[in-house]
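Colleague: Starting from these lines, generate the structure:
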Amino acid sequence: MKIQKPHAVLVASPGMGHLIPVLELGKRFVSQHDFQVTVFAASTEASTVQSHLQNSPEYTNNNLFKVVSLPSVDTSASVDTDATVATKIIVMMHESLPALRSAISAMKPRPTAMIVDLFGTEAMAMADEFGMLKYMFIASNAWFLAAMIYAPALDEKGLDEHANQKLPMKIPGCTAVRFDDTLEPFLNANDPMFQGFLLACMAMSTADGILVNTWEDLEPKTLAAFRDTKLLGRVAKAPVYPIGPLARPVGPVGPPVLRSHVLDWLDTKPTESVIYVSFGSGGSLSAKQMIELAWGLELSQQRFVWVVRPPIENDVSESYLTVGKDSNGVHDYLPEGFLSRTHCIGLVIPMWAPQAEILGHPSVGGFLSHCGWNSTLESIVNGVPMIGWPLFAEQKMNATLLTEEIGVAVRCNPAAADGMLVGREEIKTMVRRVTVEKQGHAMRSRVKEAKCSAEKALSRGGSSYNSLTHVVEECETGLQGLIAKSHGS
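Modeller: Here you go, the predicted model:
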């Protein structure tokens, strides 16, 4: 008789920031716990999924691991063209629900558990309908999760103090969130986006557990608050499981010619001498800001690899859902003569680069980043200190966490996230601070300690390994319940 394995269904929202950690979580369920996993990717970028899985060929033809791309949906009639990225993703996920429901209802035997990310909370009703355990997966850190969990508990006075009086938002047992670092939904309690945000936050309390992409040694204070019933634990109804870091592994990813060119160039450079500059798969800068960044890199006289995307007109997140669109060439929006003047010390790459491989290269000694949590974890697990340049979403909170709590980054003027230019002199100073000054050496030491603590957390018997094991045990118990129920019927 064939033994039935627990089967976890993972639902990923559009965008690399959601998709990559969900894929990595699925891979860990399979490799460490012999689960069957189906990932439903609400994304039109099927090629992106396959490209990422090339990193791990053992999963491409693994009958325990399956990726299903949900059909693309037309949201043009439901969403204004100038709507926020969050609004667009919410509508895309909503429109994908019928296809998801149809796919799950056809699964025999029924999956044991459903795991959804932040934008997939509507799908949790299906888990109840089909008798599955339901979990939320937060692909970011525990501090961001704390802000989300506490949001529904804020009264009108608390919201007014934070949004209008610009006072810090106090979270029991956690670091307060400064107004300058706050999440966009908090800025207007009357905005429909805020109401949607609250609904997602309240849905957390109905989950059987919340998985978060961090680990005990990285955020001990916040994670302790979740367990303290006198602090944040009195608000967080579902148990919180830190199971990170889930980060993209170093491997043979992307076009071979480009990969060889970048890494061959890095092979010729001294250890920890190169700054890697990238604003993620969807982050962009204005034309004026790109000019200042180019001049700052040139004035720093430090080696660099810069992934350049075309400048944007208004919203810094406007390219988040259009990853992969080509450009007309970097000559059109960099200072005249920049490429010729910096060809000995710098390498400019249009649109895309193998980030995990670059950060894992011994020649890279710093990362100028938008502070997306994926990129942050990739930097930490490779022992690379950062220059924080947040653009949108929770990236400002991430930058504060990295600079003030963990001490592995410096940060540009916080006003940059609100459209103020970061000048070339400030950029030059930050680059040199990370690469050649004493402060950079101290950050490098701390980030290497964080790297070691991450490796320990993920190893057998480590804190994150044990957290995921606890979830697995719950799923196995749930599977026995499903089998008993089916025999009884």
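
Colleague: Now do residue 443 against residue 280, distance only.
Modeller: Residue 443 sits 21 Å away from residue 280, going by CB to CB, to the nearest Å. All C-beta spots, glycine's among them, are computed from the backbone N, C-alpha and C.

Colleague: and if you look at residue 337?
Modeller: Distance from residue 337 to residue 280, by CB to CB: 28 Å.

Colleague: More neighbours: which of the two?
Modeller: For residue 337 versus residue 280, neighbours defined as other CB atoms under 10 Å are more numerous around residue 280 (24 against 9).

Colleague: which residues does the more buried one contact?
Modeller: Contacts for residue 280 (CB atoms under 8 Å, 6 or more residues apart in numbering) come out as 16-17, 369-370, 372, 374-375.

Colleague: cool, residue 33 as well?
Modeller: By CB under 8 Å, 6+ apart, the contact set of residue 33 is 6, 468-469, 472.

Colleague: Just to be sure, which of the residues you listed are found in helices?
Modeller: Cross-referencing those against helices under DSSP state H gives 468-469, 472.

Colleague: Name the nearest of the residues you listed relative to residue 143.
Modeller: Relative to residue 143, the closest of the ones in helices among the contacts of residue 33 is residue 468; by CB to CB it sits at 20.6 Å.

Colleague: what about the closest one, how many residues close to it?
Modeller: 21.

Colleague: what do you get for residue 241?
Modeller: Neighbours of residue 241 (other CB under 10 Å): 22.

Colleague: so what's it bridging to?
Modeller: residue 211 (DSSP bridges).

Colleague: quick one: pLDDT of it?
Modeller: For residue 241, the pLDDT comes out at 97.

Colleague: and residue 77, which of the three is it?
Modeller: Secondary structure, DSSP: H, G, I helix; E, B strand; the rest coil: residue 77 is coil.

Colleague: I should have written residue 432 there, sorry.
Modeller: What three-state DSSP gives for residue 432 is helix.

Colleague: Model confidence for the closest residue in space to it that isn't next to it in sequence, exactly?
Modeller: Excluding the flanking residues, the one nearest residue 432 by CB to CB, 6 or more residues apart in numbering is residue 300, at 5.4 Å. With respect to pLDDT, residue 300 has a value of 97.

Colleague: do the same with residue 83
Modeller: Predicted confidence (pLDDT) for residue 83: 73.

Colleague: do residue 47 as well
Modeller: pLDDT at residue 47 comes out at 48.

Colleague: any low-confidence regions in the protein?
Modeller: Within the chain, the stretches with pLDDT under 70 are 1-3, 43-61, 252-260, 313-329, 414-419, 481-489.

Colleague: What's the separation between the residue nearest to residue 468 when sequence neighbours are not counted and residue 450?
Modeller: Distance criterion CB to CB, 6+ apart; nearest residue to residue 468, sequence neighbours excluded, is residue 243 at 4.6 Å. To residue 450, residue 243 is 17 Å away according to CB to CB.

Colleague: So between those two, which is more surrounded?
Modeller: residue 243 (26 against 23).

Colleague: Please list all residues in contact with that one.
Modeller: 25, 28, 211-213, 215, 464, 467-468, 471.

Colleague: Just the buried residues of stretch 157-164, please?
Modeller: 159, 161-163 (16 or more other CB atoms under 10 Å).

Colleague: can you pull the contacts of the residue nearest to residue 405 when sequence neighbours are not counted?
Modeller: Nearest residue to residue 405, sequence neighbours excluded (CB to CB, 6+ apart): residue 175, at 6.8 Å. Contacts for residue 175 (CB under 8 Å, 6+ apart) come out as 143, 221-222, 405.
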